[in-house]
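Trainee: Predicted model follows, preceded by the sequence.
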Amino acid sequence: MAEPTDGELLTAWLAGDAAAFGGLVDRWQGPLLRYARFLPGHADAEDVVQETFLRLARTPPELPEETRGHPRRQQAHLASWLYRVTRSRAMEQLRSDSRRERRERRTAPPEAARGGQESVEAFDTRRAVVRGLERLPDAQREVLVLRLLGERSHREIAEITGRKLGTVAWLVHEGLAALGRSLTPVLEPDAAPRVVRLARRAEGTSG
């Protein structure tokens, strides 16, 4: 039996089917957590995604008429909504954390200790890619996470982030180049180009 589409699950949830909501959570929790963990300020991804699903439970989006009978359009519509809400919640958390940190700095004693420098670890490919992404500027990191980990098209990324389509394409291109440069020193000689080639292959199907 075929798995229900996102559109079918969302329609069922709008009709009051609690199991359908569980299906949406199971399907989207992983991608949204991966996205939230790379957003500026390193938001508490679990809290952010939980708030996103609370929003989905309370005020779920309705599918536009033009998506009726088109599962891929329905999925794209729901995905864009989920990523936008996740992004919005993370930015709210970042602003709240910044305000709290300013308050703490005003009241902290002068001798407050700083954290020690992280120890150097051996890199495997996945860890190197993650750390390479973490070193990118916020805008490049966000679009690359959506493109490479979220498998969102350039057009969907533009909708999620509120950036122009040309800006998204440029950020993806520049981010991939920077990622390749950062991976070269920490991977075996042919690994970094191979990782970036795979990423560029995905970029070529951006839609």
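Mentor: Yep, that arrived.

Trainee: per the record, what domains does this protein have?
Mentor: Listed by automatic domain parsing, the domain ranges of the chain are 6-102, 125-203.

Trainee: Now render those as TSV, adding mean pLDDT and mean neighbour count.
Mentor: Any C-beta I mention is one placed from the backbone N, CA and C, and that applies to glycine too. Shown next, in TSV, are these (pLDDT from 0 to 100; neighbours: other C-beta atoms under 10 Å):
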stretch	mean pLDDT	mean neighbour count
domain 6-102	88	17
domain 125-203	78	18
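
Trainee: ok, the residue nearest to the spatial centre of the chain - contacts?
Mentor: The centroid of the chain falls nearest to Y35 when counting by C-alpha atoms, centre = their mean (2.0 Å). By C-beta atoms under 8 Å, 6 or more residues apart in numbering, the residues touching Y35 are Y83, T86, R87, V145, L146, L149, G150.

Trainee: and if you look at W81?
Mentor: By C-beta under 8 Å, 6+ apart, the neighbours of W81 are P61.

Trainee: could we number from 13 for the rest of this?
Mentor: I'll keep to 13 as the first residue from here, and by that count the last item is W93.

Trainee: The contacts of Y47: which two are farthest apart?
Mentor: Within the contacts of Y47, two members stand farthest from each other by C-beta to C-beta: R99 and L161, at 14.2 Å.

Trainee: what's the distance between the host helix or strand of V142 and the middle of its chain?
Mentor: Assigned by DSSP states H and E, V142 belongs to helix 137-147. Put simply, helix 137-147 sits 15 Å off its chain's centre (C-alpha atoms, centre = their mean, to the nearest Å).

Trainee: just stretch 175-189 next, same as before
Mentor: Distance, centroid of stretch 175-189 to centroid of chain: 15 Å (C-alpha atoms, centre = their mean).

Trainee: Ok, stretch 83-101 next?
Mentor: 11 Å.

Trainee: Check stretch 159-172 too.
Mentor: 9 Å.

Trainee: could I get it in CSV with only the CA atoms?
Mentor: C-alpha atoms of stretch 159-172 as CSV (Å, rounded to 0.1, in the frame of the first residue of the first chain):
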residue,chain,number,x,y,z
ARG,A,159,19.7,23.0,-0.7
LEU,A,160,21.9,20.0,0.3
LEU,A,161,20.2,18.7,3.5
GLY,A,162,16.7,19.9,2.9
GLU,A,163,16.8,19.2,-0.9
ARG,A,164,14.8,22.4,-1.5
SER,A,165,14.9,24.1,-4.9
HIS,A,166,16.3,27.6,-5.4
ARG,A,167,12.8,28.9,-5.8
GLU,A,168,11.6,27.2,-2.6
ILE,A,169,14.6,28.6,-0.7
ALA,A,170,13.8,32.1,-2.0
GLU,A,171,10.3,31.7,-0.6
ILE,A,172,11.4,30.3,2.7
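
Trainee: Packing partners of the helix or strand in which H185 is found?
Mentor: Using DSSP H and E, H185 maps to helix 177-195. Judged by 3 or more C-beta pairs under 8 Å, 6 or more residues apart in numbering; DSSP states H and E, helix 177-195 is in contact with helix 137-147, helix 150-156, helix 166-173, helix 203-215.
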